[in-house]
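Colleague: here is the input, now give the coordinates:
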Amino acid sequence: MLKLPKITDNYLLILFLIGSVIFLTQLDVLYVNIMEARNFIAAREMLEKENWLLTTLNDLPRYQKPPLPTWLTALSAWIFGNYDLYAMRLPAAITAVMLLFIFYAFQGLLKIPKKQGFLSALILATSFYIIFSGRDGQWDIFTHTFMMGSIFFLIKIFQDSKKLYRNAVLAAIFFGASLLSKGPVSLYALFLPFLIAYGLTYNYRGFKGKRLAIFLFIILGIALGTWWFIYVRIADPVTFLKIATRETSNWAGYNVRPFYYYWSFFVQSGIWTIPSFVALLYPYLKNKVSNPKAYKFSFLWTIAAVILLSVIPEKKSRYLLPVLIPMAINTGFYIEYLFRNFRKLSKSESWIVYVNHGLIAFIGLVFPLAAFFYLDLTGFWFWYIAASVTLFGIGLGILYFLWKKKYPPVFYLTVSFIAGIILFGFPLMYAFLKNPDFNNIKNLNLLAEEENFEVYEYKSFSPELIWEYGSSIPLIEDLKNLENKDSFGILFMEEDSLQVKSYFKNFEIKQRERYDLNYVNPEAGGYKDRLIRAFYLLESKD
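Modeller: Numbering: from 1, shown residues only. Here you go, the predicted model:
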């Protein structure tokens, strides 16, 4: 009789499969956002114009972000031979899968059982902002993944005297890679809270004979992480200082939010919002977990990260990404407690579990009807049927096992719920997005090539438009610079387009067009005027 392998024998394989579904499938479905567009343009200009060190955006210096993720994205585009969205997003997705494995292995160093480490890794993989960052061409996932790699090897130095210098070098390489991904962001938001929490929990003892290895880690890590900044500072000092000054001032004067802005940080875990909140109730859970010391450490690491982020005046919800890493460990303690004790829980403890997973089941059950009545399913019937069957079935399964008081299947079905949404539900997004005025600016690039004219942009540009156009568009601050040309095309924000007739009186308007890169309906929220351009093709009358 064929004997199926137990899940306990395949934690890494299952983690890889779940991670692949969540981060590697339907990767090219969502449209490009502004942050992605900036990064993808920089990668494209690396390949086409060889701006590997002095990075550019629309041919203008872009030193705000270090180049390592851009190099990896450019490499992916080169391997695939095109700028397909899947190729551009693939490095971030692979990095997110790598984070899951580092995260799982890291918990073993804290003496957390493999099963609990596996559960925490699944929580991390299905947390909202981890999914968003791992499937999005932003650089946050790179810097925090590499910093987790550095922390992994550094904690090996803390705990063991074997292979000190190998671990120091590996920790330094990951540390440098993190700095080369997004500067000191992860150093401050993930690494420093780790040091604080580790010191308060485990103390820094037994460092005799390790000082040289730690010194090697610090020196080599800083050298690997800062050489690019030094190079740009020497090669282009004026622009570098100007950008650095502007970026530094943003920390105190841009997107300023109150100190308590991050206090609802656990919401960023998405479907794990309620379990994450319960896991943060330290007095309630501290005597119920299997490893109180590791629980204290994950709790302190989470809280320290939130406090340090709260001190910085500039705040954005996506900056909470590093908090989700220790919080997934913290939440794992609560989930492991439910695995052991759900059948024995009192009503005062179990009701919150029923509410949390019952809500997820309800969403699965009502999805088929809601989608049928609220979506235009023309062209999307396959995805609708697949998503409906999957989510409805998972919803029924969750309710059944809640009724049977079997929590492990409830947990795994909840993870499957997220995988099902990504695998079958994501393509339905475009059934929501119906902009009758949508007109992609890549059509203009084709026209410019056919009729051989140069296209200019007046005053400012939107990264999404430059990305879709397919190449850089020269920026014109003063329209006088175009007076001597025989013919040219020019893009205006709609409020500036009135200047065409008043300024170019000696030119004939050969063609006009309105490009709208908004995927959402003009009546819907999220419709952006900055994604609209009025285009004019002008020819001199002389």
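
Colleague: which residue sits closest to the spatially most central residue of the chain, ignoring its sequence neighbours?
Modeller: Nearest residue to the geometric centre of the chain (CA atoms, centre = their mean): residue 133, 1.3 Å. Of all residues not flanking residue 133 in the chain, residue 141 sits nearest, at 4.2 Å (CB to CB, 6 or more residues apart in numbering). (Glycine included, C-beta is placed from N, CA and C.)

Colleague: for residue 91, see how far away that neighbour is.
Modeller: Counting by CB to CB, to the nearest Å, the gap from residue 141 to residue 91 is 9 Å.

Colleague: neighbours around the residue nearest to residue 133, how many?
Modeller: 29 (other CB atoms under 10 Å).

Colleague: tell me where the longest helix sits in this protein.
Modeller: helix 347-374 (DSSP state H).

Colleague: now that one: average pLDDT?
Modeller: Averaged over helix 347-374, pLDDT sits at 94.

Colleague: what comes up buried for it?
Modeller: Across helix 347-374, burial judged by 16 or more other CB atoms under 10 Å covers 349-350, 353, 356-358, 360-361, 363-365, 367-368, 371.

Colleague: check which helices and strands that helix sits against.
Modeller: Other elements packing on helix 347-374 under the criterion 3 or more CB pairs under 8 Å, 6 or more residues apart in numbering; DSSP states H and E are helix 273-279, helix 381-403, helix 407-420.

Colleague: do you know which of these lies nearest residue 182?
Modeller: Residue 182 lies closest to helix 273-279 among the helices and strands packed on helix 347-374, at 24.6 Å (CB to CB).

Colleague: re the thing from before, from residue 374, how far off is the residue nearest to residue 133?
Modeller: From residue 141 to residue 374 the distance is 32 Å (CB to CB).

Colleague: swap in residue 201?
Modeller: Counting by CB to CB, the gap from residue 201 to residue 374 is 49 Å.

Colleague: how confident was the prediction at the residue nearest to residue 133?
Modeller: 96.

Colleague: return the list of helices and strands in contact with the helix or strand containing it.
Modeller: If you go by DSSP states H and E, residue 141 is part of helix 140-159. With contacts taken as 3+ CB pairs under 8 Å, 6+ apart, helix 140-159 sits against helix 68-80, helix 85-109, helix 128-134, helix 164-182, helix 185-186, helix 192-202, helix 211-235, helix 321-341.

Colleague: in that helix, what's buried?
Modeller: Burial within helix 140-159, assessed by neighbour count using 16+ other CB under 10 Å, is assigned to 140-158.

Colleague: angle of that helix against helix 321-341?
Modeller: Here helix 140-159 runs at 70 degrees with respect to helix 321-341, directions being taken by axes from the mean of the first three to the mean of the last three CA atoms, to 10 degrees.

Colleague: angle of helix 140-159 against helix 85-109?
Modeller: 20 degrees.

Colleague: how far off centre is helix 140-159?
Modeller: Its chain's C-alpha centre and that of helix 140-159 lie 18 Å apart, by CA atoms, centre = their mean, to the nearest Å.

Colleague: let's see it as CSV, backbone CA atoms only.
Modeller: Taking Å, rounded to 0.1, in the frame of the first residue of the first chain, the C-alpha atoms of helix 140-159 are listed here in CSV:
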residue,chain,number,x,y,z
ASP,A,140,12.0,46.9,0.3
ILE,A,141,11.9,43.1,0.1
PHE,A,142,15.5,43.0,-1.0
THR,A,143,17.0,45.1,1.8
HIS,A,144,15.1,43.3,4.6
THR,A,145,15.7,39.8,3.1
PHE,A,146,19.4,40.5,2.9
MET,A,147,19.4,41.9,6.4
MET,A,148,17.7,38.8,7.7
GLY,A,149,20.5,36.8,6.1
SER,A,150,23.1,39.0,7.9
ILE,A,151,21.2,38.5,11.2
PHE,A,152,21.1,34.7,10.7
PHE,A,153,24.9,34.4,10.4
LEU,A,154,25.5,37.0,13.1
ILE,A,155,23.4,35.1,15.6
LYS,A,156,25.5,32.0,14.7
ILE,A,157,28.5,34.0,15.9
PHE,A,158,26.7,34.9,19.1
GLN,A,159,25.8,31.4,19.9
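
Colleague: contacts only, for residue 343.
Modeller: residue 405 (CB atoms under 8 Å, 6 or more residues apart in numbering).

Colleague: from residue 279, how far out is it?
Modeller: Taking CB to CB, one finds residue 343 at 20 Å from residue 279.

Colleague: try residue 162
Modeller: When residue 162 is compared with residue 279 (using CB to CB), they lie 33 Å apart.

Colleague: same question, residue 129
Modeller: For residue 129, the distance to residue 279 - CB to CB - is 17 Å.

Colleague: over to residue 344?
Modeller: In terms of CB to CB, residue 344 sits 19 Å off from residue 279.

Colleague: who's more crowded, the two?
Modeller: Shown here are residue 344 and residue 279; by other CB under 10 Å, residue 279 has more neighbours (28 against 9).

Colleague: what sits against the more buried one?
Modeller: Residue 279 neighbours (CB under 8 Å, 6+ apart): 285, 327, 330, 331, 332, 333, 334.

Colleague: re the thing from before, figure out which of the helices and strands packed on helix 347-374 is closest to residue 56.
Modeller: helix 407-420 (37.3 Å).

Colleague: after the closest one, which helix or strand is next?
Modeller: Next along from helix 407-420, by DSSP H and E: helix 429-432.

Colleague: now do the buried residues in the helix or strand just after that following helix.
Modeller: Counting by DSSP H and E, the element after helix 429-432 in chain order, helix or strand, is helix 442-451. For helix 442-451, the buried set under the neighbour-count rule, 16+ other CB under 10 Å, comprises 444, 445, 447, 448.

Colleague: so which of the residues you listed is the closest to residue 207?
Modeller: Nearest to residue 207 among the buried residues of helix 442-451, with distances taken as CB to CB, is residue 445, at 59.5 Å.

Colleague: C-alpha coordinates for stretch 162-176, PDB please?
Modeller: What follows is stretch 162-176, C-alpha atoms only, in PDB (Å, rounded to 0.1, in the frame of the first residue of the first chain):
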ATOM      1  CA  LYS A 162      32.700  27.300  15.300                       C
ATOM      2  CA  LYS A 163      33.400  28.700  11.800                       C
ATOM      3  CA  LEU A 164      33.500  32.300  13.200                       C
ATOM      4  CA  TYR A 165      35.300  33.900  10.300                       C
ATOM      5  CA  ARG A 166      33.200  32.200   7.700                       C
ATOM      6  CA  ASN A 167      30.000  33.300   9.500                       C
ATOM      7  CA  ALA A 168      31.500  36.800   9.800                       C
ATOM      8  CA  VAL A 169      32.200  37.100   6.100                       C
ATOM      9  CA  LEU A 170      28.700  35.800   5.200                       C
ATOM     10  CA  ALA A 171      27.000  38.100   7.600                       C
ATOM     11  CA  ALA A 172      29.000  41.000   6.200                       C
ATOM     12  CA  ILE A 173      28.100  40.100   2.600                       C
ATOM     13  CA  PHE A 174      24.400  40.000   3.400                       C
ATOM     14  CA  PHE A 175      24.800  43.200   5.500                       C
ATOM     15  CA  GLY A 176      26.500  45.000   2.500                       C
END
